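Undergrad: could you work out the structure for the sequence below:
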Amino acid sequence: MIYRSKAPLRIGLAGGGTDVSPYCDLYGGAILNATISLYATATIEPLHIPQVIMEATDRGESVAYDLAEKLPVDGTLDLATGVYNYITARYGAVPSGFRITTHVDAPAGSGLGSSSTLVVAIIGAFAEWMNLPMGEYDIAQAAYDIERVDLGMAGGKQDQYAATFGGVNFMEFYDNNKVIVNPLRIKTEYLHELENNLLLYFTATSRLSSTIIEAQSRNVTEKNQNSIDAMHHLKDQARMMKEALLKGNVHEIGSILDYGFRFKKQMAKGISNDSLDEIYEAALKSGATGGKISGAGGGGFMMFYCPGNTRHAVRTTLEGFGGTMNRYQFTERGLVTWHI
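TA: Residues are numbered from 1 along each chain as shown. Predicted coordinates for the structure are as follows:
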């Protein structure tokens, strides 16, 4: 018997950064995101030997440990180790030794929530194997606790919930880890138009999101009013985007993205840079009406809204900067697990 799971990556459409503590604890955060057809997958194969073998095929990394109640977090495949330690501490020993194999369709630091989505997928595989009583909110909160608390990785809360729930969601974040996921019932033609007009462009660079997020959190703690005001505007942007999508005002999406891009750069240093600004302005000159840097910023993926038939001219312009386009579709389902 083998046990599998897959969870979708996401694109953040509005409100990015307002899910990060301490901002969301003090003021409440709001984000609108959508999952796409890029995935993190995990497979558990029980073994007849007392070993834990972890393999990340996309990274070409593997590590083996003797089966134990707790495994060392030593810098090698720490996300998988962190999940294992969390599961055994709360649900008891695993049934046997095992091999876990993982893969992510986007690199770490891409801005699509790849690390958090991988944690969700790994939890899902363990839950399927051990028949754990974990609902959607339980899995998302566990993923957050593993990354942010147990492993001490800086970041927000949206990625874990997007990967678990799937679809297009308006999410609200409050203190004491209170999260409310509001699925949006958007007409199919509006989603098709958004999917057609929204280009996903990989800048061929990755970045360490934790550095930018730590700076953002520090700005709130130190009461940097310019940064806090920018986050207030990003929260407003999430509400603006929700209304535009629900009402089918797709012609407004580009300007709403641009509104967010201008304010997001004020949240912390490193979110954008001269190279990314040059790409952004070139896309606008080619016909895009707005865009954003996905995730914390600093590199990774960028998105551009291209109304009418402008996507072709924008694509040609962006390809001149050496990056690559990624094809995608919106997905309705979040984490899926099965065994065979």
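Undergrad: use CA for all of it now, contacts and neighbours both
TA: Noted.
Undergrad: for whichever strand in the chain runs longest, the averaged confidence score.
TA: Identified as the longest strand of the chain according to DSSP state E is strand 29-47. Averaging the model's pLDDT scores along strand 29-47 yields 97.
Undergrad: equivalent analysis for stretch 66-79, please.
TA: On average, stretch 66-79 scores 95.
Undergrad: how long is it end to end?
TA: With CA to CA, to the nearest Å applied, stretch 66-79 spans 18 Å between its terminal residues.
Undergrad: got it, and stretch 41-61?
TA: Stretch 41-61 end-to-end distance (CA to CA) = 15 Å.
Undergrad: distance between that stretch and the chain's centre?
TA: 23 Å (CA atoms, centre = their mean, to the nearest Å).
Undergrad: contacts for it?
TA: Residues outside stretch 41-61 that contact it (CA atoms under 8 Å, 6 or more residues apart in numbering): 1-7, 62-67, 76-77, 80, 96-105, 118, 121-122, 125-126, 129.
Undergrad: in that stretch, which residues are buried?
TA: Residues of stretch 41-61 classed as buried: 41-46, 51-56 (neighbour count, 16 or more other CA atoms under 10 Å).
Undergrad: as CSV, the residues you listed with distance to Asn309 would be great.
TA: Converted to CSV, the buried residues of stretch 41-61 look like this (distance: CA to CA, whole Å):
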residue, distance to Asn309
Thr41, 35
Ala42, 39
Thr43, 41
Ile44, 45
Glu45, 48
Pro46, 51
Gln51, 55
Val52, 52
Ile53, 50
Met54, 46
Glu55, 43
Ala56, 40
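Undergrad: please parse the protein into its domains.
TA: The chain resolves into domains spanning 3-185, 188-325 when parsed by automatic domain parsing.
Undergrad: in a markdown table: the ones you listed, plus distance to Arg333.
TA: What follows is the domains of the chain, written out as a markdown table (distance: least, CA to CA, whole Å):
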| stretch | distance to Arg333 |
| --- | --- |
| domain 3-185 | 5 |
| domain 188-325 | 15 |
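Undergrad: of all those domains, which one is nearest Gly334?
TA: Closest to Gly334 of those, according to CA to CA: domain 3-185, at 3.5 Å.
Undergrad: gap between Asp200 and Gly323?
TA: No, residue 200 isn't Asp; it's Leu. Leu200 is 11 Å from Gly323, by CA to CA.
Undergrad: do Met134 as well
TA: 40 Å.
Undergrad: and what of Ile122?
TA: Ile122 is 30 Å from Gly323, by CA to CA.
Undergrad: all strands for the stretch 101-250 of the chain, in order.
TA: Ranges of strands in the stretch 101-250 of the chain, per DSSP state E, counting those that start in this stretch, are 168-173, 179-183, 198-202.
Undergrad: name the nearest residue to the most centrally placed residue in the chain, sequence neighbours excluded.
TA: In the chain, the centroid-proximal residue (CA atoms, centre = their mean) is Gly113; its distance is 2.1 Å. Leaving aside its chain neighbours, Gly113 sits nearest to Asp159 (5.3 Å; criterion: CA to CA, 6 or more residues apart in numbering).
Undergrad: neighbours of Asn249, how many?
TA: 12 (other CA atoms under 10 Å).
Undergrad: do the same with the one 4 residues further on
TA: Taking other CA under 10 Å as the neighbour definition, Ile253 ends up with a count of 26.
Undergrad: now Ser275
TA: 12.
Undergrad: equivalent analysis for Ala30, please.
TA: Neighbours around Ala30, by other CA under 10 Å: 28.
Undergrad: SS state for the spatially closest residue to Lys157 that is not a sequence neighbour?
TA: Take Lys157 and drop its neighbours on the chain: the residue closest to it by CA to CA, 6+ apart is Asp19, 5.6 Å away. Of the three states, Asp19 takes coil under DSSP: H, G, I helix; E, B strand; the rest coil.
Undergrad: flag the shaky bits of the stretch 1-150 of the chain, pLDDT-wise.
TA: Within the stretch 1-150 of the chain, no stretch has pLDDT under 70.
Undergrad: tell me which stretches of it form helices.
TA: 23-27, 78-91, 114-130, 136-144 (DSSP state H, counting those that start in this stretch).
Undergrad: among the buried residues of stretch 41-61, which one lies nearest to Thr316?
TA: Distance ranking of the buried residues of stretch 41-61 against Thr316, using CA to CA, places Thr41 first at 32.4 Å.
Undergrad: now the closest one, which residues is it bridged with?
TA: Lys6, His103 (DSSP bridges).
Undergrad: that one and Gly75, how far apart?
TA: The value you get for Thr41 to Gly75, if CA to CA is used, is 21 Å.
Undergrad: do Gly15 as well
TA: Taking CA to CA, one finds Gly15 at 32 Å from Gly75.
Undergrad: who has more neighbours, those two?
TA: Each of Gly15 and Gly75 has its neighbours counted (other CA under 10 Å); Gly15 has more, 28 against 8.
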